[in-house]
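Enquirer: how does the following fold in three dimensions:
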Amino acid sequence: MIKMKRMIAIAILITLIFQTNVSLGNHSFLTAKAAEKVSLEGLKELYLSMENESEGDYTNYLNTYQNKSYIGDMITYPAKELYSGNVVVQEGSEINVSIDVPEAALYVLSFDYCTVGENILPTKFALEVNDTYPYEELKRLFLSDTWLSGDIQEDRYGNECIAMPIKREVWGRAYLHDTEFLYSEPMMVYLEQGENKLRLKVNEGSVLLGDFYLSAHKEIAKDLEEIASGENSIVIEAEEMTYRNSPNIRADAEFNTKLTPYDPDTKRLNIVSEASFKTGGTKIEYTFVVKKDGYYNLAFDYRQSLKSDFSVYRNIYIDGEIPSKSFQNYAFSYSKKYTRTTVPVPVYLTKGTHLLTVEVSLDYLRDSVKILNRITDHINNLALAINKITGGNTNKYRDFNLDSYGYEIEKNLLTWADYIDQVHGALSTLNSKESNVGEISQLKIASNTLRRLAETPNELPQKLNQFSYGTSSARQNITNVVGNISVGQLGLDKIIFYQEDAKLPQKPGFFRSLLYGVEHFLASFTKQDYAPSYDKENETLQIWVARPRQYLEIMQRMADSDFTKQYGINVDLSIVPDQQKLILSNASGKAPDAAIGISSGYVYDLALRGALVNMREFDTFKEVGKRFAPGMLIPGVCDDGVYAVPETFNFYVLFYRSDILNTLGLKVPNTMEEVRSMLPELARMGLGFNSHVANNPVKTYAATTPFIFQQQGELIKEGENTANLDSAEVLTGLKNLAENFTIYNMDYEVLSFYQAFRDGRMPIGTSDYGTFNLLINAAPELADSWEIAPYPGVEKEDGEVLRYTSGAAESCVVFSESNKSEAAWKFIDWWTSTDVQTEFAYTLQSTLGNEYLWNSANLDAIMASPWSTKHKEVIKEQIAWTMEAPRFPGSYIVERELGNVLVNVVTNGTNLRTAVDDAEKKINRELQRKLEEFGYIDHNGNTKKELVIPDIDLIKEWLE
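Expert: Got it, this is the predicted structure:
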C-alpha cells in the first residue's frame, strides 16, 4: 500500500514537472523568435511574425507577392488616351484612370507630373487600386516639388542672408512613396490581367498629370573593383544647391575657420544646415561639369553631431541612378566636427554636365520603426483596456486579476520586452565600435521597465505611469527612440569628385586658424548688428521688433527691397530683447518711432500715459482695421482711440484624438453641454477632458472671460464705472466655469496637455496655438490621428453656438514722441497687409522650417498661409469668435479677482456668490482709485471724463 502511494506520488510529481515544462516551453515558444538574436536584415521576419498584425501594410503586402514581380519591358499609357491629354487635379479632387494590364504581376507604377501653385507643403495624395487600398501606405503618398535657390543677398551689415527658395513648375516622374519614406525604392502594386481601375485623390496641393507607366523592379548594380587614376578633381560647395525637393533645406553660416567661404567680420553662407537636411525622402541636387572621362572617387566634408554614436544614411544618385551598391544607404557616422568621408568605390563619369543627388534614406531603420510602432500600439491598447476595467480607480488597496479578463499581461510584457531587446541589438550592429549607443539607449530602459512590470502583472493598473503615461513611461521611451531614428540630420560643407593624384582642398593650419579666430574675436567688439538706435535726427525710421534675429533678417530684407523701394523711406529694424525696455525708453525720451511684436498687454498702459499715437487719426486706419477680427482690436482701445493693431493672434480650438474617439464610439462635441455629456464615458475609461483653463497656474482673462462672454455678460456696468460681476450673465458664466471642476471633475491643473494628449490620457480638450504647433512638429507618431474642431460653446435658443474666446497676441504701435509718425504708420500699414504677411509666412516657413509657423492676425493672410487646408478652415471659423476683454484704468484688478474667484471656489470650496461679492468690493475700491488718478472722476466720485468700455459693436462702428 505504501509502495502504491509512493508510485502515485512519483507519477503526480512527474506530471507536474512535465506540465510545468510544457508551460514554460509554451512561453519560450511564444517569445523564442524574439529571444533569438536577430540581425538587422532579420528584423523584417521578426516584424512579419508578430501574430500577422502587420497585415495591411506594404511589408506584408510585398511578402505576399514577392515571387510575382513583373520582368518585362516598360509599358506606357499616354495621357491623351487616359483622360484626353494632361489634366490638373485640384486639392480635394480625384481622378479615375483605367489601364489594361498584359499579365497579373507586381508592378512599379509611375506617372509624369508637375505640381502647380505656390503651396510650400508637399503635395499629398492617396491611390486606390480597383476600389480598395491594397496596403495602408497608399493612403498617404507624396510628390516631390522642385525648389531653386534664390540669389544670395546681403543685409545692411554685409552679412549673407538665407535666400528665399523659388518653386519651379517642372515635369518629373513620380513613383509611389509614402510620407514616412521608410522605403526609398519605389513601392509596387499587384495588378490583375486585363482592366484595372486607379483612383488618385489629391489631399494637399494641386498636380498636373501626364503619362502613366508600368515597369519592372530595377536591381542596383554590384560594385566594381576599379581605381580612379588621374589628377582631376571637382569641388562643389554644398551650400550652393542647384535644386532641392523641400524648401526647408537651407544654407547656413558658421564662424568656423575650417569651412569655406569664411570671413571673420561678416556671416558667409558656407554649409547646408545640419538641422534642416533630415527628413526621409528629402534630397539635394547639384549640377557639375566633368572635364575628362574617367573613374572618380566621391568625398563629402560633413558633420553629423546630433546622433551620438549612430549613423545617418543617404542614397547617392548620379544622373538619376544609384551607380552601385556602395552608393545606396551610404553611412555618415557620428562626428562632432566637420570631417571627410569617401565612398569606398569610384564612379565612372563622362565628360560634360552631370547631376548629383543626395537623398535621406531610412531603409536600415524601417523594420525597427515598424516593430516599435507596433509595440507602442499594443501598449496604448492595453492601457485603454485596463482603464475600461478599472474606470480610472486604481487605488493601491484595490486588487485586480487581469488574466481573468484574458489579457495574459505577463506573457505580453515579456514578449514586447524581448522584441525591444532584439531591435536594440540589431540597431547596435550599425556601430560595432560602441556597446552602448546613446541614440537608442532608451530602448533598454523601456525593456527593463516592461520586465519589471511583468513581475507583478496584476499591479499594472497602479503602475500605468510607468507603463504608458508620462514622460518616463515605457511607451514614451519607445516613442522617443522612434522619433530620433526616423530623421537623419546631416550638415555638408563640400562635395568632392577626385582622382587619386588630384590635389584636394586643405583645411587651414593651426596658426592660420588662430589668426582667423583672433580677428573674429576683435570684430565682435565693434559690430552691433540690429542693436536699438535712438537717433531722432536721422531720417531713417527706427522700428523696434520683439523677435529673434532670424525673423529680423527676413523682415529687414523685405523692408529694404519692397517698402523702401515703394515709399522711398529707409527703415532700420532693431531687436528689443526685453519689452520693459519700451516703457523705460519712453520715460527717458529715447523711444523708437514704432514697435512691432510687442505683447498686447503692454499697449493700454502705454496709451493711457500718452506714449502712443491714436491710429484712428490716420487716413487708412479703417482699411487696415478691417484686416483683422474686430475683437482683436479691443486691447488697443483707450478712450475713443485705437492705439495698436494686432500683428499675430492666438486661437483656442478643440483638439481630439480621432483614433481614440472612434474606438470609444464618441462624437466630437459642439457645445460645452455635449462635452459634459461625454465626461462620464471618458471617466469610465479612466480618461479625461482638458480645459485650457487648467493649463496655466495663473488664471488670466484668457481663462475666465470666454465663459462670461459666451453668456453675453459684461465686466463693467454701463455708465456706473463699477464691476458687473453680480449680473446674472456673469454669474452664470462663472458658475459654468467653476462647475467644470467642482461637479464635472475636469482636472484643475494640467501642466502639459500636449503630453497627456500624446499619451492618450486626455484624448480631447481645448487648447491654443502653442499646442497646435507642438502636435504638428513634435508629435510625428500622432500624424493622421488627431484633428481640431471649433471651441465648444454655449447654444442659444435660436440654435447659434456662441464660441467667444481670447485671441490677442502681439501688436504694432507708433510712439507719440516720433516726428515721423506718418511714415511709421505707413510701415505698419505695409507690414500688416495681406501680401506682405503672406510672403513673410512663406519665407519664414520655407527658409527656417515648418516649425516656424507664422500666426498672422491678418485674416486673409492666415487663409493664404502654408498650413493644412482642413486646419485653416476650422481656425478661420474660430477666429470670428475672438473677443478680448476691454482694458481700462485698473483692469488688472478685474483680471486678478476673476482668477481669485475661480481659485477660491474650486480649491477652497468658497460659495460662488460670496467669492464674487468679495471680489467686487476689491475691484470697485481699486477702480475708483485708478479712475481718480487718471482724471476720469474727482475725489468725490463725480465723472470728469467718460470711460469708454469697448466691445465688438463699437469696433465695427469705428471701422464703417
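Enquirer: where does pLDDT dip in the chain?
Expert: Applying pLDDT under 70 to the chain picks out residues 1-37, 51-55, 392-397, 509-513, 515-537.
Enquirer: let's verify the residue nearest the centre of it: helix, strand, or coil?
Expert: Using C-alpha atoms, centre = their mean, the residue of the chain that lies closest to the mean C-alpha position is residue 777, 1.5 Å off. Each residue gets one of three states, and residue 777 gets helix by DSSP: H, G, I helix; E, B strand; the rest coil.
Enquirer: thinking it is in contact with residue 850, fair?
Expert: Yes. Assessed by C-beta atoms under 8 Å, residue 777 is found in contact with residue 850 at 6.3 Å. All C-beta atoms are positioned from the backbone trio N, CA, C, and that covers glycine.
Enquirer: surely residue 484 is in a helix?
Expert: Yes. Counting by three-state DSSP, residue 484 is part of a helix.
Enquirer: wait, it sits on residue 437?
Expert: No. Counting by C-beta under 8 Å, residue 484 does not reach residue 437; the two are 10.8 Å apart.
Enquirer: looking at those two, which is more packed in?
Expert: residue 437 (22 against 18; other C-beta atoms under 10 Å).
Enquirer: now do the contacts for that one.
Expert: Shown in contact with residue 437 (C-beta atoms under 8 Å, 6 or more residues apart in numbering): 308, 309, 310, 427, 428, 430, 431.
Enquirer: residue 788: what secondary structure?
Expert: From three-state DSSP, the assignment for residue 788 is strand.
Enquirer: leaving out chain neighbours, which residue sits closest to it?
Expert: Closest residue in space to residue 788, ignoring its immediate chain neighbours: residue 653 at 4.6 Å, by C-beta to C-beta, 6 or more residues apart in numbering.
Enquirer: what are the bridge partners for that neighbour, then?
Expert: Note on residue 653: beta-bridge partners by DSSP bridges are residue 767.
Enquirer: pull the contacting residues for the nearest residue to residue 184 once chain neighbours are set aside.
Expert: Leaving aside its chain neighbours, residue 184 sits nearest to residue 361 (4.7 Å; criterion: C-beta to C-beta, 6+ apart). When contacts are counted by C-beta under 8 Å, 6+ apart, residue 361 touches 184, 280, 313, 314, 315, 328, 329, 488.
Enquirer: can you map out the helices along the stretch 551-700 of the chain?
Expert: Applying DSSP state H, counting those that start in this stretch to the stretch 551-700 of the chain gives helices spanning 564-567, 580-587, 600-608, 621-625, 658-664, 672-684.
Enquirer: closest one to residue 171 among these?
Expert: Residue 171 lies closest to helix 564-567 among the helices of the stretch 551-700 of the chain, at 34.8 Å (C-beta to C-beta).
Enquirer: now do the buried residues in that closest one.
Expert: Neighbour-count burial for helix 564-567 flags residue 564 (criterion: 16 or more other C-beta atoms under 10 Å).
Enquirer: what does stretch 937-948 give?
Expert: 937, 947.
Enquirer: chain center to it, what's the gap?
Expert: How far stretch 937-948 lies from its chain's middle: 51 Å, per C-alpha atoms, centre = their mean, to the nearest Å.
Enquirer: show me what contacts residue 714?
Expert: 724, 727, 729, 730, 949, 951.
Enquirer: repeat that for 7 Å
Expert: Each residue near residue 714 by C-beta atoms under 7 Å, 6 or more residues apart in numbering is listed here: residue 724.
Enquirer: mind starting the numbering at 48 from now?
Expert: Fine by me, first position is 48 from now on; the one you just mentioned is residue 761.
Enquirer: assign a three-state SS to it, would you?
Expert: Three-state assignment for residue 761 (three-state DSSP): coil.
Enquirer: what's the answer for the one 5 residues further on, then?
Expert: Using three-state DSSP as the criterion, the local structure at residue 766 reads coil.
Enquirer: relative to residue 293, how far out is it?
Expert: 59 Å (C-beta to C-beta, to the nearest Å).
Enquirer: same drill for these two, tell me which one is more crowded.
Expert: Ranked by neighbour count (other C-beta under 10 Å), residue 766 and residue 293 place residue 293 first, with 25 against 10.
Enquirer: now the phi/psi pair for residue 304, please.
Expert: phi -60, psi -20 (degrees, to the nearest 10).
Enquirer: how many residues are close by it?
Expert: For residue 304, the number of neighbouring residues by other C-beta under 10 Å comes to 19.
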